[in-house]
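# Curious how this folds, go ahead:
(one chain, ligands or ions: 1)
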Amino acid sequence: MLYRLLVRPLLYCLPAETAHHLIIFALRLIQNLPLGLWLLRVLFRTGRTQAVTALGQTFPHAVGLAAGFDKDARVFPALFALGFGFVEVGTVTAQAQPGNPRPRLFRLPRDRALVNRMGFNNLGAPAAAAQLRRLRRPPGTVLGINIGKTKVAPADEAIADYEASARLLAPYADYLVVNVSSPNTPGLRDLQAVSSLRPILIAVRRALDETVTARRVPLLVKIAPDLANEDINAIAQLANEIRLDGIIATNTTISRDGLLTPHDQVQALGAGGLSGAPLKHRALEVLRLLRDQVMPHITLISAGGIETVEDVRARLAAGAQLVQVYSALVFDGPSLPSRLARGLAPAPR
Ligand SMILES: Cc1cc2nc3c(=O)[nH]c(=O)nc-3n(C[C@H](O)[C@H](O)[C@H](O)COP(=O)(O)O)c2cc1C
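Modelled structure (predicted):
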């Protein structure tokens, strides 16, 4: 309520990316205060939650934060304190890179959607590893790390680029995601072709096993909603064949279909990935396709247009073990994760 009436109108006076940096700054400030994290936990209490077993570990509940919010792993302790069941940091690339020129993030409030062409702006895997070493992980939390290809790495060096990030980040990851689905790095989504994806996933799996020997770091791939259904089936078969641990579906879409925002306004924003409510239908469809094709032990994490407890329940009913949100957090504010967690909680005995 406070967020919608007071905070959101103020944030909307700022360009979307400036508002994002302001929030990251505020979260860092709070997490550095002696009682900051405690205060967040009290304000955003989840109560007793419905735990989920997936990827060989226990998640406090099914709702996590999708990649792209905490790209440099700076505020994940505060994000856990807001009540997320798990947090995925990144996308991290092997080398630091500035991303695309600004403006590169836009709100479409009428559609409860965002368009972004950030282009993997991040400080690089060595910096992310240093940050993950420095920040304390709250006990019982699950942290995913999402890796992508450095923009300047040519296609024939993609495997080595992913491998380098995996080696640096594996020690801090409860699971690792190979992102081949952002529309904002030229050629990246071509890596979803099974012939390109297979050697990347095999090399990253080997890198994880060689770097972390005391446990198995689960490996997942994140896919785009714009893939043809045959391509989704091909990725599902590959996942079965190489014993991948899971699939995250989906990333943002390049489609602009079905928006309420006038066409010329949408066109004026330029290229980028669309996220939020308009993605709901396709994300659910992709999830159902995957569930039909993958073996039962493969974990499916559904993302795209999840806003309410009903949305979460629909994804779980369609075969996801876990879900992730991003855009709804921008529209509904910091109480979203705790609200969803409470809504999914088992009935009191
Ligand atoms: C501003 C922004 C940045 C994003 N950056 C990344 C990213 O770096 N890596 C990634 O895998 N997904 C990224 N995503 C995609 C989200 O993780 C998620 O898959 C997508 O937004 C669909 O979920 P939603 O409809 O709840 O937002 C980004 C999304 C947004 C809105």
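# The ligand contacts on the stretch 51-200 of the chain?
Contact residues (Cβ under 6 Å from any ligand atom) of the stretch 51-200 of the chain with the ligand: 66-68, 71, 90-91, 105, 114, 116, 118, 120, 146, 179, 182. In this view, the C-beta of every residue, glycine as well, is placed from N, C-alpha and C.
# Of those, which belong to strands?
Gly90, Thr91, Leu105, Leu114, Asn116, Asn146, Asn179 (DSSP state E).
# of the residues of the stretch 51-200 of the chain next to the ligand, closest to the ligand?
Gly68 (2.1 Å; Cβ to the nearest ligand atom).
# coming back round to it: in JSON lines: the ones in strands among the residues of the stretch 51-200 of the chain next to the ligand, plus pLDDT and neighbour count.
Supplementary listing: those in JSON lines, determined by pLDDT from 0 to 100; neighbours: other Cβ atoms under 10 Å:
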{"residue": "Gly90", "pLDDT": "95", "neighbour count": "27"}
{"residue": "Thr91", "pLDDT": "97", "neighbour count": "28"}
{"residue": "Leu105", "pLDDT": "96", "neighbour count": "21"}
{"residue": "Leu114", "pLDDT": "98", "neighbour count": "22"}
{"residue": "Asn116", "pLDDT": "97", "neighbour count": "25"}
{"residue": "Asn146", "pLDDT": "98", "neighbour count": "26"}
{"residue": "Asn179", "pLDDT": "95", "neighbour count": "28"}
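# Closest one to Thr18 out of the residues you listed, please.
Leu105 (9.3 Å; Cβ to Cβ).
# The closest one against Leu14, yeah?
No: using Cβ atoms under 8 Å as the test, Leu105 is too far from Leu14 to be in contact (11.1 Å).
# Output the below-cut-off pLDDT ranges for the stretch 201-349 of the chain.
Scanning the stretch 201-349 of the chain for pLDDT under 70 picks out the ranges 349.
# for the ligand, what are the nearby residues on it?
Residues of the stretch 201-349 of the chain found near the ligand (Cβ under 6 Å from any ligand atom) are 222, 251-252, 275-276, 279, 303-306, 325-328.
# how about the helices in this structure?
Along the chain, counting by DSSP state H, helices occupy 2, 8-12, 16-32, 36-43, 76-81, 125-134, 158-169, 194-211, 229-242, 263-269, 280-293, 309-317, 327-332, 336-344.
# Could you look over those and pick the most buried one?
helix 76-81 (a mean of 25; mean count of other Cβ atoms under 10 Å).
# Off-centre distance for that one?
Relative to the chain's own centre, helix 76-81 is displaced by 15 Å; criterion: Cα atoms, centre = their mean, to the nearest Å.
# residues contacting Gly258?
If you count contacts by Cβ atoms under 8 Å, 6 or more residues apart in numbering, Gly258 has them with Pro278.
# Okay, it and the ligand: tell me how far apart.
Distance check for Gly258 against the ligand: by Cβ to the nearest ligand atom, to the nearest Å, it reads 14 Å.
# Same question for Leu201.
Distance, Leu201 to the ligand, using Cβ to the nearest ligand atom: 16 Å.
# ok so, going back, and which of the ones in strands among the residues of the stretch 51-200 of the chain next to the ligand is nearest to Ala234?
Nearest to Ala234 among those, counting by Cβ to Cβ, is Asn179 at 18.1 Å.
# residues near Gly124, how many?
Using other Cβ atoms under 10 Å, the number of residues around Gly124 comes to 18.
# Would you agree it is in contact with Thr91?
No: contact criterion Cβ under 8 Å: Gly124 and Thr91 do not qualify, at 11.3 Å.
# ok so, going back, make CSV from the helices of the chain and add distance to Thr49 to it.
What follows is the helices of the chain, written out as CSV (distance: least, Cβ to Cβ, whole Å):
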stretch, distance to Thr49
helix 2, 23
helix 8-12, 26
helix 16-32, 21
helix 36-43, 13
helix 76-81, 13
helix 125-134, 25
helix 158-169, 27
helix 194-211, 29
helix 229-242, 28
helix 263-269, 37
helix 280-293, 22
helix 309-317, 12
helix 327-332, 18
helix 336-344, 5
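# which stretch among these comes nearest Phe59?
helix 336-344 (10.7 Å).
# Would you mind checking the average pLDDT for stretch 42-49?
If you average the pLDDT over stretch 42-49, you get 94.
# Give me the contacts around it.
The contact list for stretch 42-49, computed with Cβ under 8 Å, 6+ apart, reads 60-61, 81-83, 85, 334-335, 337-338, 341-342, 344-346, 348.
# Which pair in those has the greatest spatial separation?
Pro334 and Pro348 (25.1 Å).
# In terms of packing, which of the two has more residues around it?
Neighbours were counted for Pro334 and for Pro348 using other Cβ under 10 Å; Pro334 has more, 22 against 6.
# roughly how far apart are the more buried one and Thr250?
Per Cβ to Cβ, to the nearest Å, Pro334 is found 24 Å from Thr250.
# repeat for Leu5
Counting by Cβ to Cβ - Leu5 and Thr250 are separated by 32 Å.
# Can you report how many residues neighbour the closest residue to Leu79 other than its chain neighbours?
Leaving out its chain neighbours, the residue that sits closest to Leu79 by Cβ to Cβ, 6 or more residues apart in numbering is Val87, at 4.8 Å. For Val87, the count of nearby residues is 27 (other Cβ under 10 Å).
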